[in-house]
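>>> here is a sequence with its predicted model. Questions after.
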Amino acid sequence: MPVTDQAELATLVRTFFTPSPPARLGVAVSGGGDSVALLHLLNDWRLEGGPDLAVVTVDHGLRPEAAAEAAGVAAAAKVLGLPHRILKWECGEESGNLPDRARRARYGLIADWAKAVGIGTVALGHTADDQAETLLMRLARGSGVDGLSGMAAARDHRGVRWARPLLEARRAALRAFLLSRRVSWIEDPTNEDATYDRVKARAALAALAPLGVTVEGLVETAGRMAMARAALAAAAVALARRAARVEAGDVILEREALAGAAEEVRYRLFAQALMLISGADYRPRFEALKAACATALDGTRATLSGCIILPRKGGLHITREPAAVADVTAHPGEVWDGRWRLIGPSEPGQELRALGEAGLAECPGWRATGLPRPSLLASPAVWQGDHLIAAPLAGRAEGWAAECLYDRTSLVHGLIVH
């Protein structure tokens, strides 16, 4: 059950990181009540021998008050004797799904900061109320088991571990804690703006209370869905170990094993293969995923998430779509398309680009590689202007080697619920 008693908050936070707390912990603080309460709870622990803390705030620039609010957090951190960093996001044109863009940008900026200063774990101030609201919003979007599992208490993403030690705490308890300390916080005016889905979800929770739909009940539901998610993930891992392999950066799935698996398990493996190759952070939309998988299993080529699914003898060959990498470039030694590193006798002026039609025409022995033509078109090659220097995967190594940055272990790891 969610924590509502102030005396339990300190125990909740400290127990979360037991038995192996990090030596140093990042804390993302916006200035709102939840993150400010988290900061003070963690600082109490620090003063009693807990981890060292470093505070970070993202100035998203979406409201005129944002810069002053970030400066206020910096001042509060200074009073506590803690280092603080303000990260500025330049949002550019305010179009598309701005809240989603801002959220992604926050995670990216904080992850880069954390890695730069040697911090492996960043604590976030999400609460039980946030969890319940998230569940309602995902229910409205028709989410499946993963979405209805809610926010994870801990998640590895962008090379950083994101920790949510307050997911069992109620928002009101955190504010009562701050009031008892005479600590102020900022109320974001967007929390009252009914155009935002989260504000609508908050209002819906209040309206549904007479039916017995409560924060406590939704948090319990998220916990049960998380257990179901873990069971499905284990089944997908087992399927991957017996029916998947990675060759030259492509994922090959045994068609009979995939077709014979339970639908949810099949789609998990299929989606993870697409994410591995495309580098996408999120699974494709379910209907598109389901349609592409069915098309491929029926023996017809399909495309999704910048990948091509090729039905071949005995399996589905999932490769990068050539059009998705047509404009991707890198210098020799750098990672190309998030997937490949080419090592060889580089010279000034050379760059990595996709092999493409023009390059493949200069590789007469490409068929001997056994790789599908689309795979080779999207493979990395070394160019000097319009002159092809090397294409390691297409039979023209010329002293160069191509190193793929993932393998089947990477595929399996991505399926595991952390």
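Looks like it arrived, so ask away.
>>> from here on, just use CA atoms for contacts and neighbour counts.
OK.
>>> ok, residues contacting the strand ranked longest in the chain?
Longest strand of the chain, by residue count under DSSP state E: strand 52-59. Residues from elsewhere that reach strand 52-59, judged by C-alpha atoms under 8 Å, 6 or more residues apart in numbering: 23-30, 42-43, 46, 66-67, 70, 73, 77, 82-89, 106, 109-110.
>>> mind running it again at 7 Å?
23-30, 46, 66-67, 70, 82-89, 106 (C-alpha atoms under 7 Å, 6 or more residues apart in numbering).
>>> also stretch 8-19?
By C-alpha under 7 Å, 6+ apart, stretch 8-19 touches 41, 165, 166.
>>> highest neighbour count among those?
Counting neighbours by other C-alpha atoms under 10 Å, residue 166 leads the contacts of stretch 8-19 with 27 neighbours.
>>> can you read off the pLDDT for that one?
pLDDT for residue 166: 97.
>>> now it, nearest residue through space, not along the chain?
Leaving aside its sequence neighbours, residue 166 sits nearest to residue 127 (C-alpha to C-alpha, 6 or more residues apart in numbering; 5.1 Å).
>>> and that neighbour, how many neighbours?
24.
>>> the one 4 residues further on too?
Residue 131 has 23 neighbours, counted by other C-alpha under 10 Å.
>>> begin at 580 from now on, thanks
Understood, numbering begins at 580; the last thing we discussed is residue 710.
>>> would you mind measuring from it to residue 648?
25 Å (C-alpha to C-alpha, to the nearest Å).
>>> let me know the secondary structure of the residue lying farthest from the centre of the chain.
Distance from the C-alpha centroid of the chain peaks at residue 943, with 40.6 Å (C-alpha atoms, centre = their mean). Three-state assignment for residue 943 (DSSP: H, G, I helix; E, B strand; the rest coil): coil.
>>> if I look at it, how far off is residue 956?
Distance from residue 943 to residue 956, by C-alpha to C-alpha: 13 Å.
>>> show me the contacts for residue 857.
Counted by C-alpha under 7 Å, 6+ apart, residue 857 has contacts 884, 885, 886, 899.
>>> sorry, back to before: mark which of the contacts of strand 631-638 are buried, thanks.
When these are checked for burial by 16 or more other C-alpha atoms under 10 Å, the buried set is 603-609, 645-646, 649, 663-667, 685.
>>> which member of the residues you listed is positioned nearest residue 867?
Closest approach to residue 867 among the buried ones among the contacts of strand 631-638 (C-alpha to C-alpha): residue 685, at 28.0 Å.
>>> what sits against the closest one?
By C-alpha under 7 Å, 6+ apart, the residues touching residue 685 are residue 637.
>>> doesn't it belong to a helix?
Yes - membership of residue 685 in a helix is supported by three-state DSSP.
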